[in-house]
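**Student:** fold the following.
(chains A and B)
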Amino acid sequence: MTDFNVSVREIGSVNVIDLKGYLDAHTAPELENAFDKLIKENRYSIVVNFTDLAYISSAGLGVFMAFVETMRENEGDIKFSNMTENVFNIFDLLGFPMLYEFFKEETEAIQKYNEKVKS
Amino acid sequence: MGFSLLNIPSIKKLENTIFLAVILLVFKILFPESELFIVSFVTDLLVIAILYFGSLYAKELFPIKMTGIISVILNNGILNALLFFILAISSVVMPSKPSFSQTNLIYIFITTILNLAFAVAVLFIFNTKRELFFLKQKKDPKFFFNTMLVFALLTALSTNLHHNFESLEFMSNAFSVVTIILIIINSLKVSWIAFLLKRQKISLLIISIVLSAIFITNASFLMMESEFVSHMIINFSPALHTFSWLLMVYGAIYYAVIFFTTLFHLPTAEAFDRKAEEVSSLMDLSKLITQVFDFKELADTVTDLTIKVSNSDAAWLITEKDGSYELSSVKNIGYVEAEKISEDFRTNNPNELLDISTVNLNSLKFSLKNDVVTSSYKILAVAPLKVHKNTNGFLYVVRTSNLRFDEDDKKAITAFADYAAVALENALLLERSIEKERLEKELDVAREIQNKILPRTTPEVNNLEISSLFVPAFEVGGDYYDFFKLKNNKMGFVIADVSGKGIQAAFIMAEVKGIFGSLARIIESPKELLIKANEILIESLAKNSFVTAIYGIIDFNTNKMKFARAGHMPLLFCREETIKQYIPQGLGLGLNNGSTFINTLEENEIDLEDEDVIVLYTDGITEAKNASNRDFGDSRFEKLICENRQNSVDKITSEIMKAVSLFSKNNNQHDDITLVVFKLKNNHNNKFGVN
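**Tutor:** Presented below is the predicted three-dimensional model:
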């Protein structure tokens, strides 16, 4: 169950989480830890980059649900980018696009945050 | 000597000895004339035979153990002292040459008995000597001992010759010189002294000097042929006399050697004791490790023994877990002080500790100094607890004196640290296996819940064939499906998948069943029902869990099917050769508590025709993986349905399941698999009705 990896990058005021491998019930706690750490450091503007994510289970989806409220309450958000079609389909079936913002490219998501700051 | 005699049973040896003694007595009575050479020679032989068999018997009677060695020597000493007493008293009280006739029957009888008694005493002393000699000998020293014995016997026998033939004196002299040389050589084999405790060595020192003195006096008493006892024995059997004398000489030399050896061993006695204690404590510990799994108990033993063996004043253990440190088994020192010392050591030695390290505590600055408490400990040793190159803790040992930890102390502490490491590792493994067992129990409960929740049978409906299939995964996945017979010839159906796994999912599943079971009877619109279900579930679901579901109603009067989807897998609909995914918009239950859920939820309606196949499923099917981790996938699934659409619903489900298990045979089933297949048989009844 080591074939999952979370890493966080800071791009300006936006924090990009890169996911790699399989996100399921066993690996979800790693992502939870990463979110907890970000919240502790008052970093609420998140972009999750799915480029290298191969699989996501319901437990993995639950992680975003658990943290999105906190982010939004603090004028931040969780935005998704660079999803493969397979992974997007899972999000889509659940209706995530009606609740979250999805972007083709990470930069678009970051830009969205920055526009908001300007306005 | 016939060594095969050694195998005689002990009772036989005793019998032989007594038998020979009786023969000796009879012989002496028959031939009282001891001046005759042949008579005394036969007596000698008989006495030697008695001694031989007696010693064989005695050998089995008194095996010496290392623990009782001092008392054995002490007994030997008491017997010798008794002999000494008799010799001394008799030399004073009795005349050196008896006045009455030596051929008197009573005299002969008494002297024989006395001599035999003396022989028994000699035997006992001899036996002790022999046992001591063979004690703790690594190489087989039989040769030296036996050679000595042979020469002693030769000396004994030759005495008789020289009593009778003056010219042969040189022979007995020569033999006795050789015997005494051999005695000296054999006396040097006293390595067992090293294994005694210091206390035992001190008592041995005193006993051995006393014993040596007694042996010397006894030997000199026996030397004086004019003494009563001495005279009596010589008269009886010159060999016994010589043998006894040699034994006394052996004793004198042997105990003198013991005395000096012990004396030289005394200075190292303490170090030896400590080493012995270290070895025995380590042995105790290794026993404990296999028997006790409670880390606390083992850790207490480790710190206790470490203090004892390393001559320290206090010790404690620190366990490391995820970068935080915890003190345990703190012995002879305050908790705060121990923590302070450990903290200071860590800050001063930030690098990973690979081996035992000692530190002078005087050089450490204590923030406690303003306080009343000042550390009385002067020197510290820290050893890492290592298992497979991983350090999972540290053993701290301190001394109040300035005495440095020497190499031996360090070795001992390291050894104990190693044991503590193993114990800690064992405890962790045990904890993990208990946790694993607990999880397995939980899974059993979850499976049971799931088993009770799912419908046992599919309902009998006139116009509809229904088949359902459920294959649970090892970790209960939280799949749920159900059918509800509604009024007005309608049937409700639901398929749902709870996020997450295990007991948590099982509990939510139970709740979901309750919600759908009750709502199905009240609400006749799938959309309304899902909205209500979402409202209820959002209250009870954890933030990170959700439920996907499809709820639908088939009206057999109008042959219409209405359904709504809350984030669930598509509903598959196969008519003739075309298969269609129905994915009406809808969020998963528990994702959103407000208007978004309501506003986005769609409801679909399909007019049903005969032979239409409707398939509901959970992602366990499409996400079933093969050996190379590829999904079973939608298209494969849909194609199978199409191909089998003309079969019975049971055949359709079994064909699909067959294909899925064949596909994923080299991979584990990760998720529950649920499959529900409906097939409309609208004209079925009509046809039969016509006929």
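
**Student:** switch to C-alpha atoms for all contacts and neighbour counts from now on
**Tutor:** OK.

**Student:** quick check: closest non-adjacent residue to residue 51.
**Tutor:** Went with chain A since none was named. Distance criterion CA to CA, 6 or more residues apart in numbering or on different chains; nearest residue to residue A:51, sequence neighbours excluded, is residue A:82 at 5.1 Å.

**Student:** wrong one, chain B
**Tutor:** Distances taken as CA to CA, 6+ apart place residue B:123 nearest to residue B:51, at 6.5 Å, with adjacent residues excluded.

**Student:** for the strand or helix carrying the one you found, buried residues please.
**Tutor:** Counting by DSSP states H and E, the element that carries residue B:123 is helix B:105-134. Going by neighbour count (16 or more other CA atoms under 10 Å in any protein chain shown), the buried part of helix B:105-134 is B:108-109, B:111-112, B:114-116, B:118-129, B:132-134.

**Student:** run the chain-centre distance for it.
**Tutor:** Distance of helix B:105-134 from the chain centroid (CA atoms, centre = their mean, to the nearest Å) equals 52 Å.

**Student:** which helices and strands does whichever helix or strand comes after that helix pack with?
**Tutor:** Proceeding C-terminally, helix B:105-134 gives way to helix B:142-164 as the next helix or strand, assigned by DSSP H and E. Packing partners of helix B:142-164 (3 or more CA pairs under 8 Å, 6 or more residues apart in numbering or on different chains; DSSP states H and E): helix B:37-61, helix B:169-187, helix B:238-291.

**Student:** now these in a markdown table, with mean pLDDT and mean neighbour count?
**Tutor:** Output for those, formatted as a markdown table (pLDDT from 0 to 100; neighbours: other CA atoms under 10 Å in any protein chain shown):
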| stretch | mean pLDDT | mean neighbour count |
| --- | --- | --- |
| helix B:37-61 | 80 | 19 |
| helix B:169-187 | 84 | 18 |
| helix B:238-291 | 82 | 19 |
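
**Student:** residue A:49: which of these is closest?
**Tutor:** helix B:238-291 (49.6 Å; CA to CA).

**Student:** list the buried residues of the helix or strand that comes right after that closest one.
**Tutor:** Once helix B:238-291 ends, the next helix or strand along the chain (criterion: DSSP H and E) is helix B:295-309. For helix B:295-309, the neighbour count (16+ other CA under 10 Å) marks B:295, B:298-309 as buried.

**Student:** relative orientation of the helix holding residue B:123 and helix B:238-291 in degrees?
**Tutor:** 40 degrees (axes from the mean of the first three to the mean of the last three CA atoms, to 10 degrees).

**Student:** relative to helix B:169-187, how tilted is helix B:105-134?
**Tutor:** 40 degrees.

**Student:** low pLDDT regions in chain A?
**Tutor:** Residue ranges of chain A with pLDDT under 70: A:1-2, A:118-119.

**Student:** at 80 instead, please
**Tutor:** Residue ranges of chain A with pLDDT under 80: A:1-2, A:116-119.

**Student:** grab the longest helix from it for me.
**Tutor:** helix A:58-73 (DSSP state H).

**Student:** next SSE after that one?
**Tutor:** Following helix A:58-73 toward the C-terminus (DSSP H and E): strand A:77-81.

**Student:** wait, does that next one contact chain B?
**Tutor:** No: applying CA under 8 Å from any CA of the partner chain, one finds strand A:77-81 out of contact with chain B, separated by at least 14.3 Å.

**Student:** export that strand as PDB, just CAs?
**Tutor:** This file holds the C-alpha atoms of strand A:77-81, laid out as PDB (Å, rounded to 0.1, in the frame of the first residue of the first chain):
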ATOM      1  CA  ASP A  77     -11.300  26.400  -1.700                       C
ATOM      2  CA  ILE A  78     -10.300  23.000  -3.000                       C
ATOM      3  CA  LYS A  79     -10.100  23.100  -6.800                       C
ATOM      4  CA  PHE A  80      -9.200  20.100  -9.000                       C
ATOM      5  CA  SER A  81      -7.000  20.000 -12.100                       C
END
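
**Student:** distance from that strand to the middle of the chain?
**Tutor:** 5 Å.

**Student:** give me the helices and strands touching it, please.
**Tutor:** strand A:45-56, helix A:58-73, strand A:101-103, helix A:106-118.

**Student:** what about 6 Å?
**Tutor:** For strand A:77-81, the packing partners by 3 or more CA pairs under 6 Å, 6 or more residues apart in numbering or on different chains; DSSP states H and E come out as strand A:45-56, strand A:101-103.

**Student:** and residue B:45, which of these is closest to it?
**Tutor:** Using CA to CA, those put strand A:45-56 closest to residue B:45, at 100.6 Å.

**Student:** what are the contacting residues of the closest one?
**Tutor:** Under the contact criterion CA atoms under 6 Å, 6 or more residues apart in numbering or on different chains, strand A:45-56 has outside partners A:14-24, A:76-83.

**Student:** swap the cut-off to 7 Å and go again
**Tutor:** When contacts are defined by CA atoms under 7 Å, 6 or more residues apart in numbering or on different chains, strand A:45-56 is touched by residues A:14-24, A:71, A:76-84, A:87, A:106, A:109.

**Student:** what residues does chain A put near chain B?
**Tutor:** Residues of chain A lying close to chain B (CA under 7 Å from any CA of the partner chain) are A:25, A:58, A:59, A:62, A:63, A:65, A:66, A:93, A:94, A:95.

**Student:** of those, closest to residue B:628?
**Tutor:** Distances from residue B:628 to those, taken by CA to CA, are shortest for residue A:25, at 20.8 Å.

**Student:** buried residues, stretch A:100-113. List them.
**Tutor:** A:100, A:102, A:103, A:106, A:109, A:110, A:113.

**Student:** and residue B:381, its phi and psi?
**Tutor:** phi -130, psi 130 (degrees, to the nearest 10).

**Student:** now do residue B:645
**Tutor:** According to degrees, to the nearest 10, residue B:645 has phi -60, psi -30.

**Student:** give the contact list for it.
**Tutor:** residue B:613.

**Student:** okay, the residue nearest the centre of chain B and residue B:419: tell me how far apart.
**Tutor:** Geometric centre of chain B, nearest residue: residue B:290, 1.7 Å, by CA atoms, centre = their mean. Plainly put, residue B:290 is 11 Å away from residue B:419 if you go by CA to CA, to the nearest Å.

**Student:** neighbours around residue A:20, how many?
**Tutor:** Using other CA atoms under 10 Å in any protein chain shown, residue A:20 has 18 neighbouring residues.

**Student:** which parts of chain B belong to which domain?
**Tutor:** B:3-195+B:206-257, B:292-432, B:457-690 (automatic domain parsing).

**Student:** so is the second one next to chain A?
**Tutor:** No: with CA under 7 Å from any CA as the criterion, chain A is not reached by domain B:292-432; the gap is at least 14.1 Å.

**Student:** quick one: contacts for whatever residue of the stretch 51-200 of chain B ends up closest to chain A?
**Tutor:** Nearest residue of the stretch 51-200 of chain B to chain A: residue B:195, at 55.9 Å (CA to the nearest CA). Listed by CA under 7 Å, 6+ apart, residue B:195 has no contact partners.

**Student:** confidence score at it?
**Tutor:** Confidence at residue B:195, expressed as pLDDT, is 78.

**Student:** and the gap between it and residue B:122?
**Tutor:** 28 Å.

**Student:** same question, residue B:131
**Tutor:** 14 Å.

**Student:** having no further points to raise, I will conclude here.
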